[in-house]
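**Q** Kindly generate the corresponding structure for this input.
(2 chains)
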There are 2 protein chains.
Amino acid sequence: MTLPASSAAQGPASLPMVVPDDGLPDRVTIYEVGPRDGLQNEKAVVPLDVKAAFVRRLVAAGLPVVEATSFVHPRWVPQLADAADLVEALREGPRFEHPVLVPNERGLDRALEAGCSHVAVFASATETFAAKNLNSDLDAQMAMFEPVVRRAREAGADVRAYVSMCFGDPWEGPVDPDVVVRVGCDLLELGAVQLSLGDTIGVATAGQVGDLVRRFGAARVGPERLALHFHDTYGQALANVHAGLQAGVTTFDASAGGLGGCPYAQSATGNLATEDLVWFLTGLGIEHGVDLDALVATSSWMAEQLGKPPASAVVRALS
Amino acid sequence: MTLPASSAAQGPASLPMVVPDDGLPDRVTIYEVGPRDGLQNEKAVVPLDVKAAFVRRLVAAGLPVVEATSFVHPRWVPQLADAADLVEALREGPRFEHPVLVPNERGLDRALEAGCSHVAVFASATETFAAKNLNSDLDAQMAMFEPVVRRAREAGADVRAYVSMCFGDPWEGPVDPDVVVRVGCDLLELGAVQLSLGDTIGVATAGQVGDLVRRFGAARVGPERLALHFHDTYGQALANVHAGLQAGVTTFDASAGGLGGCPYAQSATGNLATEDLVWFLTGLGIEHGVDLDALVATSSWMAEQLGKPPASAVVRALS
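**A** Sure thing, here's the model as predicted:
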């Protein structure tokens, strides 16, 4: 068959047909994690001015929440060693409104010094990952996060809590969803305002997603307090978003251009690409506020900075 | 964070957790199109013995239907010029049970001579694609297919009808779903036993899928007569399968290793990868009969033959 040079030749060029589906939310919040979760998993260290431009372009493209960086110790994530400088470069008033990750109290100290008013902590749903990533365990991690959450709130900052390995763990295999609910509820009890439930290794399928959201509901945690954070390692991320939407979740994490994992690496850990999510939501007539062309241009530019092809199907198709 | 070398380290290595979802079918038929739709869109011409081994390995991996080749004129698709030889090499009795594509009566003649008992025709849902791909139009294509379908049935063969550009067209943009239903109903009336509704350029989103299946239902064509054929150009294929399953469809086309399009080309037209579909169905507890390890090994081997990386996320994650 003969197709035009780019299938994007269909006009208007970068928008799908809109056919809403019954029972889905009217509006979704995309929580952009590219500058933090994306760049911390890229080999290349991106210069400060490029990072600042990246965040500014994402905001200009309409993304309502852009997690900017992580106040992790530079020894562990040298890619984000310039967290304080980035916040300084981007801050427009006394308080910095973009969320930042804080792994512990020392990270919180640095974030508060820099004027941050939205912080995120990163917990584990499995013992093995808690041991390996946090040098802790499921109970002890709560003791570690308690002063972080309490002191953040005392300082007027709100707190998101990531829960990683919610759907599968590379060492333990299947993860008990009731343990995920327990970890999540503990974090909410400490004072977190939102949980981001992460499929850190991308193994989840759609049935698991609805099941986990319903288990949180049974524990009196409604979908409005949940975000879903999918990785596309096994190609399942958007199908999982579909299941999450149907379960009532309205906040989804995504990474511009699929930053954060090489699509050809053995343990590809790429985040769901924001553009693929935007295409999906647009087609369903769900409001998200993002200008897809501006976002694609941003991710294409960032891919050039990193010297690698973008990991987003939409970016590849449209650029 | 520190992850094991392969996230596939979770045991058992190549299977997701199984969490069924209410209301989905218990069993799905995967209609494998890699040897035909995949290879016809690859630049490389694959030797006959490799093609034969590919089909045999797909069958051995448990795929219940493997479309083997196309009796298209070699001038248009030189990659499949050896259709008759491939059928001869694979045939185990007087009749050849794997389906083959026949674009017209001349193709049907060749397929029947070769002993084929399952053929497929390839129609268009849009005027522009009918003109460009078939040198025809929406009405005239039916006159072209009428003798093909009639003579195939007289010879004891059954007929599948592909309908291409069902969800978007690269020249026309949005496609009227009622025209798709009319084209599909005309093909069934000619005597086709199954329609495969194709998102040839991969632009469809989930709402369109359920909507189109419901429109066929309103025209008294139930989901048991439909197959869905998605391309992953915009990353939407599996979310669309999810919507199709929820609408009651139980046959899905897929291509081993995502054969049929380069994931990095501008107009990437890759088919949904069979492995990604298998992972999804397995996680939902939906029977499909496929041995994922054997399939991944087959697609990895085929990618080596073609000298390019596989376009399946699951194959990349597991191999």
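
**Q** List the residues that contact the residue nearest to A:Arg110 when sequence neighbours are not counted.
**A** Nearest non-adjacent residue to A:Arg110, counting by CB to CB, 6 or more residues apart in numbering or on different chains: A:Phe71, 4.5 Å away. Yep, even glycine has a C-beta here, placed from its N, CA and C like the rest. Applying CB atoms under 8 Å, 6 or more residues apart in numbering or on different chains to A:Phe71 gives the contacts A:83-84, A:100-103, A:106-108, A:110-111, A:114.

**Q** Double-check that A:Leu197 belongs to a strand.
**A** Yes - judged by DSSP: H, G, I helix; E, B strand; the rest coil, A:Leu197 forms part of a strand.

**Q** What distance do you get for it to A:Ala206?
**A** According to CB to CB, to the nearest Å, A:Leu197 stands 14 Å off from A:Ala206.

**Q** Which SSE is immediately downstream of the helix or strand harbouring A:Ala120?
**A** Per DSSP states H and E, A:Ala120 falls inside strand A:118-124. Later in the chain than strand A:118-124, the nearest helix or strand by DSSP H and E is helix A:127-134.

**Q** Who are the contact partners of A:Ala52?
**A** Here A:Ala52 is in contact with A:86, A:89-90 (criterion: CB under 8 Å, 6+ apart).

**Q** Relative to chain B, which of those residues is nearest.
**A** Comparing these against chain B with CB to the nearest CB picks out A:Leu86 as the nearest, at 20.6 Å.

**Q** which ones are touching the residue nearest to A:Leu190 when sequence neighbours are not counted?
**A** Ranked by CB to CB, 6+ apart and with sequence neighbours excluded, the top spatial neighbour of A:Leu190 is A:Val149, at 4.4 Å. By CB under 8 Å, 6+ apart, the contact list for A:Val149 reads A:121, A:159, A:161, A:187, A:190-192.

**Q** And the helices in the stretch 151-300 of chain A?
**A** With DSSP state H, counting those that start in this stretch as the definition, the stretch 151-300 of chain A shows helices at residue ranges A:177-190, A:206-218, A:237-246, A:274-283, A:292-306.

**Q** picking up where we left off before, farthest pair within the contacts of A:Val149?
**A** A:Val121 and A:Gly191 (10.4 Å; CB to CB).

**Q** got the CA coordinates for stretch A:170-190 in CSV?
**A** Once non-C-alpha atoms are left out, stretch A:170-190 reads as follows in CSV (Å, rounded to 0.1, in the frame of the first residue of the first chain):
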residue,chain,number,x,y,z
PRO,A,170,11.7,-7.6,40.4
TRP,A,171,13.0,-9.7,43.4
GLU,A,172,9.8,-10.8,45.0
GLY,A,173,7.5,-11.2,42.0
PRO,A,174,3.8,-10.7,42.7
VAL,A,175,3.0,-8.0,45.3
ASP,A,176,0.1,-8.4,47.8
PRO,A,177,-2.3,-5.6,47.0
ASP,A,178,-3.4,-5.5,50.7
VAL,A,179,0.2,-4.6,51.7
VAL,A,180,0.1,-1.8,49.1
VAL,A,181,-3.1,-0.5,50.7
ARG,A,182,-1.6,-0.7,54.2
VAL,A,183,1.6,1.2,53.1
GLY,A,184,-0.6,3.8,51.3
CYS,A,185,-2.9,4.3,54.2
ASP,A,186,0.0,4.7,56.6
LEU,A,187,1.4,7.4,54.4
LEU,A,188,-1.9,9.2,54.2
GLU,A,189,-2.1,9.0,58.0
LEU,A,190,1.2,10.6,58.3
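
**Q** now that stretch, how far from the chain's geometric center?
**A** Relative to its chain's centre, stretch A:170-190 lies at 18 Å (CA atoms, centre = their mean, to the nearest Å).

**Q** Now do the buried residues in it.
**A** For stretch A:170-190, burial by neighbour count (16 or more other CB atoms under 10 Å in any protein chain shown) applies to A:170-175, A:177, A:180-181, A:183-184, A:186-188, A:190.

**Q** burial measure for the residue of the stretch 101-250 of chain A found nearest chain B, as a count.
**A** Going by CB to the nearest CB, chain B is nearest to A:Thr205 of the stretch 101-250 of chain A, at 2.5 Å. Using other CB atoms under 10 Å in any protein chain shown, A:Thr205 has 30 other residues around it.

**Q** try A:Arg110
**A** A:Arg110: 18 neighbours (other CB under 10 Å).

**Q** Pull the contacting residues for it.
**A** Residues in contact with A:Arg110, defined by CB under 8 Å, 6+ apart, are A:71, A:83-84, A:102.

**Q** same question, A:Pro35
**A** A:51, A:54-55, A:58, A:66-69.

**Q** Verify the stated contact: A:Ala204 with B:Trp279.
**A** No - applying CB atoms under 8 Å as the test, A:Ala204 and B:Trp279 come out as separate, 10.2 Å apart.

**Q** quick one on the thing from earlier: now list the buried members of the contacts of A:Pro35.
**A** Buried by 16+ other CB under 10 Å: A:51, A:54-55, A:58, A:66-69, out of those.

**Q** Need the mean per-residue confidence for the strand or helix carrying A:Asp109.
**A** Element membership for A:Asp109, per DSSP H and E: helix A:105-113. What helix A:105-113 shows for mean pLDDT is 98.

**Q** what angle separates that helix from strand A:118-124?
**A** 160 degrees (axes from the mean of the first three to the mean of the last three CA atoms, to 10 degrees).

**Q** Dump helix A:105-113 to CSV, keeping only the CA atoms.
**A** Once non-C-alpha atoms are left out, helix A:105-113 reads as follows in CSV (Å, rounded to 0.1, in the frame of the first residue of the first chain):
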residue,chain,number,x,y,z
GLU,A,105,15.0,14.9,56.3
ARG,A,106,18.2,16.2,54.9
GLY,A,107,16.5,16.5,51.5
LEU,A,108,13.6,18.2,53.1
ASP,A,109,15.9,20.7,54.8
ARG,A,110,17.5,21.6,51.4
ALA,A,111,14.1,21.8,49.7
LEU,A,112,12.6,24.1,52.4
GLU,A,113,15.8,26.3,52.3
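
**Q** how about the nearest residue to A:Thr233, chain neighbours excluded?
**A** Per CB to CB, 6+ apart, closest to A:Thr233 is A:Gly202, 2.8 Å.

**Q** Could I get the phi/psi values of the one you found?
**A** Here the main-chain torsion angles of A:Gly202 (degrees, to the nearest 10) amount to phi 70, psi 20.

**Q** distance of it from A:Met165?
**A** 11 Å.

**Q** and what of A:Thr250?
**A** Noted for A:Thr250: a distance of 23 Å to A:Met165, by CB to CB.

**Q** Tell me which of these two has more neighbours.
**A** A:Met165 (28 against 18).

**Q** shouldn't the more buried one be in contact with A:Pro174?
**A** No - at 10.7 Å, A:Met165 does not count as touching A:Pro174 under the criterion of CB under 8 Å.

**Q** which stretches of the stretch 1-150 of chain A form strands?
**A** Per DSSP state E, counting those that start in this stretch, the stretch 1-150 of chain A has strands spanning A:29-32, A:65-66, A:69-70, A:100-101, A:118-124. These are given in chain order.

**Q** Output the ones you listed as JSON lines; include the columns mean pLDDT and distance to chain B.
**A** Shown next, in JSON lines, are these (pLDDT from 0 to 100; distance: least, CB to the nearest CB, whole Å):
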{"stretch": "strand A:29-32", "mean pLDDT": "98", "distance to chain B": "15"}
{"stretch": "strand A:65-66", "mean pLDDT": "98", "distance to chain B": "21"}
{"stretch": "strand A:69-70", "mean pLDDT": "97", "distance to chain B": "11"}
{"stretch": "strand A:100-101", "mean pLDDT": "98", "distance to chain B": "12"}
{"stretch": "strand A:118-124", "mean pLDDT": "97", "distance to chain B": "9"}
